[in-house]
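> Fold the following for me, if possible:
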Amino acid sequence: MNRIFFILVAAGIPLSVIGSFMHWPSAILFAVYCITIIALASYMGRATESLSIIAGPRIGGLLNATFGNAVELIISLFALKEGLTGIVLASLTGSVLGNLLLVAGLSFFVGGLKYKRQEFNIHDARHNSGLLIFAIIVAFVIPEVFSVGMGDVSKLNLSIGISIILILLYVAALYFKLVTHRGVYQPNNAAQHVEEEEPEWSGKVATIVLFAATIAVAYISENLVHTFHSVAEQFGWSELFIGVIIVAIVGNAAEHASAIIMAYKNKMDIAVEIAVGSTLQIAMFVAPVLVICSIFFPVSMPLVFTLPELVAMVSSVLLMIAISNDGDSNWFEGATLLAAYVIMAIGFFLL
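Sure, this is the predicted structure:
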């Protein structure tokens, strides 16, 4: 598999450059860009896996979520530059759905096929549940409710205020997890899961791979954004479907691969930290940063989602909390999350 991803990267990057200069058909360029980004994401996943072995599951999961979401952030910034605020909001929705339902669902399902029952830190699960309710249900729904009857300036001011609060609370949550309460909430069986494992790459090599892959993704993402309009017209896709499904899957490919690999290795603490941690980072950091950055673009982006987007995100949060709050998982719970994702994907496709 690693050899296949190496071939895809070695071929995909030159083809992306050549294709953009020679103005190949948009559909071909769209496919090349997406495949290349996914292949690059596999290197990001392997690098962060090495770093997680060196630094521990929490920091490793945070690094994976951060660099995985870097792809999402880069694509969204270029989309904002082009004035595609609808696609950006839809991609944020897709990231929440993709992480909570697709990534977590595949992780639970694949890991559950190998192990009848997999456990993860119940304290982290409950802590994350509160943050998910705040970030998605409170911070995303409130702008929608209060924006009724507001002008565009008031909507943007409300969104900026909420964005600043989200960023401050996210920083406080990291400080809580990694500093003041690091190691305080440990599972009772933590000692049983301590295994010596050699990282694939050293910390220095893994860091270099991460930054190199991120730079390559940034270049390809800028070109990918320019293909959205023509591809949407050619295949009859709406901007909502492109953002919720296509951009979200491509932008979060790194988390998808890493979380599933970790679950297959029975490292559920890291797998859950990637899926849920990435969702929290999207909602509490990436989305607010995009709102604030949009002030400097021709078209600003208030944090106001459509009703289908809000209902889908709230439903995915409630389902994930109900399934994960007991601190263990199995293949059937993974299948339930995946079924919910497929239902929502069909809905967005038909809108």
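> could you say which helix or strand contains Leu169?
With secondary structure defined by DSSP states H and E, Leu169 is part of helix 152-175.
> Just checking the distance from that helix to the centre of its chain.
Centre-to-centre, helix 152-175 and its host chain are 19 Å apart (Cα atoms, centre = their mean, to the nearest Å).
> And it, what does it pack against?
Applying 3 or more Cβ pairs under 8 Å, 6 or more residues apart in numbering; DSSP states H and E, we find helix 152-175 packed against helix 141-146, helix 268-281, helix 287-293. C-beta here means a position set from N, CA and C on the backbone, and glycine is covered the same way.
> Next, format those as a markdown table and append mean neighbour count and distance to Thr180.
Written out in a markdown table, the entries for those read as follows (neighbours: other Cβ atoms under 10 Å; distance: least, Cβ to Cβ, whole Å):
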| stretch | mean neighbour count | distance to Thr180 |
| --- | --- | --- |
| helix 141-146 | 15 | 28 |
| helix 268-281 | 29 | 18 |
| helix 287-293 | 22 | 23 |
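> do you know which of those lies nearest Ala104?
Each of the helices and strands packed on helix 152-175 was checked against Ala104 via Cβ to Cβ, and the shortest separation belongs to helix 268-281, namely 4.1 Å.
> counting contacts, what elements does the closest one pack onto?
Applying 3+ Cβ pairs under 8 Å, 6+ apart, we find helix 268-281 packed against helix 57-81, helix 85-97, helix 104-114, helix 122-132, helix 152-175, helix 253-264, helix 307-324.
> Trp24: which of those is closest?
helix 57-81 (19.0 Å).
> could the helices and strands packed on helix 152-175 be laid out in CSV, adding distance to Ile53?
Output for the helices and strands packed on helix 152-175, formatted as CSV (distance: least, Cβ to Cβ, whole Å):
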stretch, distance to Ile53
helix 141-146, 39
helix 268-281, 10
helix 287-293, 29
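> Would you mind saying which of these lies nearest Arg126?
Going by Cβ to Cβ, the one of the helices and strands packed on helix 152-175 nearest Arg126 is helix 268-281, 11.2 Å.
> For Leu351, see how far away Phe120 is.
Note on Phe120: its distance to Leu351, by Cβ to Cβ, to the nearest Å, is 35 Å.
> still on that earlier bit, wait, which of the helices and strands packed on helix 152-175 is closest to Glu198?
Proximity to Glu198 (Cβ to Cβ) singles out helix 268-281 among those, at 16.2 Å.
> mind saving the C-alpha coords of that closest one as CSV?
Extracted as CSV, the C-alpha positions of helix 268-281 are listed here (Å, rounded to 0.1, in the frame of the first residue of the first chain):
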residue,chain,number,x,y,z
MET,A,268,-8.7,3.4,20.1
ASP,A,269,-7.6,6.3,22.3
ILE,A,270,-5.7,7.8,19.3
ALA,A,271,-8.4,6.8,16.8
VAL,A,272,-11.2,8.5,18.8
GLU,A,273,-8.9,11.5,19.5
ILE,A,274,-8.4,12.0,15.8
ALA,A,275,-12.1,11.7,14.9
VAL,A,276,-13.5,13.8,17.7
GLY,A,277,-10.5,16.0,18.2
SER,A,278,-10.6,16.9,14.5
THR,A,279,-14.3,17.8,14.7
LEU,A,280,-13.7,20.1,17.7
GLN,A,281,-10.8,21.7,15.9
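> Not counting the helix holding Leu169 itself, show me its contacts.
Residues outside helix 152-175 that contact it (Cβ atoms under 8 Å, 6 or more residues apart in numbering): 62, 131, 134-135, 139, 142-143, 146-147, 150, 280-281, 283-285, 287-289, 291-292, 295, 300-304.
> now the angle between helix 122-132 and that helix, please.
Counting by axes from the mean of the first three to the mean of the last three Cα atoms, to 10 degrees, helix 152-175 lies at 170 degrees to helix 122-132.
> Leu63 contacts Ile54, correct?
No: with contacts defined as Cβ atoms under 8 Å, Leu63 does not count as touching Ile54, sitting 10.1 Å away.
> More neighbours: which of these two?
Leu63 (23 against 14; other Cβ atoms under 10 Å).
> Can you verify Val148 is assigned to a strand?
No: secondary structure assignment (DSSP: H, G, I helix; E, B strand; the rest coil) places Val148 in coil, not in a strand.
> For it, grab the count of nearby residues.
A count of nearby residues for Val148, using other Cβ under 10 Å, gives 8.
> What confidence value was assigned to it?
At Val148 the predicted local distance difference test score is 77.
> Any stretches of the stretch 51-200 of the chain with poor pLDDT?
Using pLDDT under 70 as the threshold, the predicted model of the stretch 51-200 of the chain has low-confidence ranges 56-58, 60-62, 64-65, 67-68, 183-197.
> Now do the same contact list for the closest residue to Cys34 other than its chain neighbours.
Nearest residue to Cys34 in three dimensions, chain neighbours excluded: Val250, at 5.0 Å (Cβ to Cβ, 6 or more residues apart in numbering). With contacts taken as Cβ under 8 Å, 6+ apart, Val250 has the following neighbours: 34, 37-38, 71, 75, 224.
> and if we set it to 10 Å?
Residues in contact with Val250, defined by Cβ atoms under 10 Å, 6 or more residues apart in numbering, are 30, 33-38, 41, 71-72, 75, 91, 94, 217, 220-221, 224, 256.
> out of those residues, which are buried?
With neighbours counted using 16 or more other Cβ atoms under 10 Å, those contain these buried positions: 30, 33-38, 41, 71-72, 75, 91, 94, 217, 220-221, 224, 256.
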